[in-house]
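1. Make a model of this:
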Amino acid sequence: MHKITILQMNGYGDRTRTQAEVVRLFQKKYPELPPISQGTVSKIEKQFRERGHVRQLKKYPPNKPSDDQKLDVQVYCCCSGNGASLRIKWGTFTHIISDTKE
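-> Numbers count the residues shown, from 1 in each chain. Have a look, this model is predicted:
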């Protein structure tokens, strides 16, 4: 909510404020909130220019592998005198990569 307010305080076109002016205006309007910095205003402006919005993005993909799945990949790596093979098991998917010496 406050990101949008900061963008509105910044203005647009010929009617824009400097970052320092936005910081002072925000602190005057919301004295109960912790003060913001010019860096905060800069990051919000940059995010809006690059993405066209200021929504928070998800930090992790929804299908992040569990620790057990990561362990499966590590457990099935093996080397022998004849070469190396890698067995990747991800849920029901299994893939074997083999480099055998003949």
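2. residues touching residue 3, list them.
-> Neighbouring residues of residue 3 by CB atoms under 8 Å, 6 or more residues apart in numbering: 44, 47, 54. Placement of C-beta: from N, CA and C, glycine included.
3. Just read off the phi/psi values of the closest residue to the last one other than its chain neighbours.
-> The shortest distance from residue 54 to any residue other than its chain neighbours is 4.2 Å, reached at residue 3 (CB to CB, 6 or more residues apart in numbering). Here the main-chain torsion angles of residue 3 (degrees, to the nearest 10) amount to phi -60, psi -40.
4. sorry, back to before: who wins for neighbours among the contacts of residue 3?
-> Of the contacts of residue 3, residue 44 is surrounded by the most neighbours, 21 neighbours in total, counting by other CB atoms under 10 Å.
5. helix/strand/coil for it?
-> Three-state call for residue 44 (DSSP: H, G, I helix; E, B strand; the rest coil): helix.
6. didn't it look like it was pressed against residue 4?
-> No: using CB atoms under 8 Å, residue 44 is not in contact with residue 4, being 9.2 Å away.
7. got any residues that touch both of those two?
-> With CB under 8 Å, 6+ apart as the test, residue 44 and residue 4 both reach residue 54.
8. what about residue 17, how many residues close to it?
-> 14.
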